[in-house]
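>>> model this:
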Amino acid sequence: MQESTDYTSPPLNYLIHGHPGTGKRTYASQLAVALADQLPLDEVLNWPAPELYNRYQALVNEGQLFFLTMHPGWTYADMIERCLFQENNVIVHDGILKQIATEARGNLIEHLLQAEPGIMPSVDFKELYTRFVEHLQENGEISSVKGVPNPFLLHSIMKNGDILLRKPKTFQVIRIKRSKLRQLYVVQQEESDPQVVSTKWQNILEGENLPAFEAIWSQFNSYQMAYSEATQPVEIPGPDPYLDIQMDILPSGVLQSSKKYVLILEHIQMIEPQALFGDALPILDSRRREGCRCAQSVILPGSKTSFTLPPNLFMIGISQQIPSWSDEVAFLMSKVFQFVHLDANQRHQDWPVIRSVSTLDLWNAINAVITTHRSPSLQFPGGAFQDCSTVKDLQALFAKRVLPYLEWLSGNDAQLHQNILQDLLGPLAVHPENIHQWKLADFKRISRR
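Residues are numbered from 1 along each chain as shown. As a prediction, this is how the structure comes out:
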């Protein structure tokens, strides 16, 4: 099987941060379209606004792009799964990330089935394998496998079902992949010609430790014979028909041909990542996605099912600043997300906003104050003036964008805030709440300071 080598290019997770008004949401939309359509980002950045909007809405309508605004009420139950207890039953409701991951994974497996139809089990391997693993764990002595020259010992069983064996008096661990055992099982069930079975088994086990596989297969085969229910047709419960299929290393081209899904989380800084994703946080990592060499999964506490994330699912977080996480969380987030910092929006054209008041004059006046009291690296977004054509527009802009921005720059320093307002507004700084009463002459005075 040819291995795909470009899983993590581009990255699968981004965290866009920058000061208010720097165009984070617009950039996130452009990035989302580029990822979903597999286009160069530089190309999408040059699209006209109507073209970007139309494609963005089309992806939303097609179920490939999702935009969520975070607030402190969001929890793990909303993102992964929520469990409701009703008498003796547990009702599991999938969260938004789990729903999107199931949809993305299903699309990826459909393309994988076209390339390798044999990976779809024709019998209930999942149930059989679950019972077999329980049998191994209960006996504790699975200890050794009789009938082979060099018996193996059970070292441990991983969460994804892979079995780790070792030889006595050594620390060398050999991994027996559940996915490989499933493929062997399918071949045994579907093929009757011993020569064909032998050829397919050789292809499946190419590069693997054959004595270890033969040892565990002999024990699995003995258990299978005593478990007659395993030969019954499979009846897959739940909304995910591919729950039992595990993707090994994806063949080249399967990932590229599948649909791409994007989840945008605005104001992600409002919630602690571990509270939002729980144990699933590490598997957001591009290197831990299903189908990658170092793939990992977690067992969800409510449904008791294995949960993985496919490599055709992208996540974009939007934040005004890098949140104040603990050192451990900050380190993990830096591994999981690629941080993208946006500087001030430079779209400040020198055209009249209203009569003699121009965008550039107002922009320069505001930034001169910011430079004096804070830092030259901080700027107010000039593009914010482009929608102003009346005095009422300017009043609304200053009330909703300019003054809150200056207050944000001041932080908790009341004196600094007062100095900034005095420097910019002059006499108008005494009662900034009366901004709705300002006249055109007041804005001219500010632009000519």
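>>> what ranges do the helices span in the stretch 1-150 of the chain?
Assigned by DSSP state H, counting those that start in this stretch, the helices in the stretch 1-150 of the chain fall at 24-37, 41-45, 49-61, 76-79, 96-115, 125-139.
>>> please identify the buried residues of the shortest one?
This points to helix 76-79. Using 16 or more other Cβ atoms under 10 Å as the test for burial, helix 76-79 gives 76, 78-79. Heads up, the C-betas are built off the backbone N, CA and C, glycines and all.
>>> which ones are touching the closest residue to Q418 other than its chain neighbours?
Leaving aside its chain neighbours, Q418 sits nearest to A429 (7.4 Å; criterion: Cβ to Cβ, 6 or more residues apart in numbering). Applying Cβ atoms under 8 Å, 6 or more residues apart in numbering, we find A429 in contact with 418, 421-422.
>>> kindly report the same for A275.
75-76.
>>> a helix runs through the residue nearest to Q418, doesn't it?
Yes: counting by DSSP: H, G, I helix; E, B strand; the rest coil, A429 is part of a helix.
>>> report pLDDT for it.
A429 is assigned a predicted lDDT (pLDDT) of 86.
>>> cool, and R55?
The score at R55 is 94. That number is its pLDDT.
>>> going forward, begin numbering at 480 instead of 1
Sure, I'll start counting at 480 from here, so that last one is R534.
>>> residue contacts, it?
So R534 contacts 512, 516, 526 (Cβ under 8 Å, 6+ apart).
>>> which residues touch the nearest residue to L514 once chain neighbours are set aside?
Once flanking residues are discounted, L514 sits nearest to F793: 4.8 Å by Cβ to Cβ, 6+ apart. Residues near F793 by Cβ under 8 Å, 6+ apart: 491-493, 511, 514-515, 739-742.
>>> just send the residues you listed back as JSON lines, with distance to L643 too.
Shown next, in JSON lines, are these (distance: Cβ to Cβ, whole Å):
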{"residue": "L491", "distance to L643": "28"}
{"residue": "N492", "distance to L643": "29"}
{"residue": "Y493", "distance to L643": "35"}
{"residue": "A511", "distance to L643": "40"}
{"residue": "L514", "distance to L643": "36"}
{"residue": "A515", "distance to L643": "38"}
{"residue": "K739", "distance to L643": "34"}
{"residue": "Y740", "distance to L643": "33"}
{"residue": "V741", "distance to L643": "36"}
{"residue": "L742", "distance to L643": "34"}
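>>> coming back round to it: drop anything exposed from the contacts of A908.
Using 16+ other Cβ under 10 Å as the burial test, the contacts of A908 include L900 as buried.
>>> export the contacts of A908 to JSON lines and tack on distance to Q800?
Shown next, in JSON lines, are these (distance: Cβ to Cβ, whole Å):
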{"residue": "Q897", "distance to Q800": "24"}
{"residue": "L900", "distance to Q800": "23"}
{"residue": "Q901", "distance to Q800": "26"}
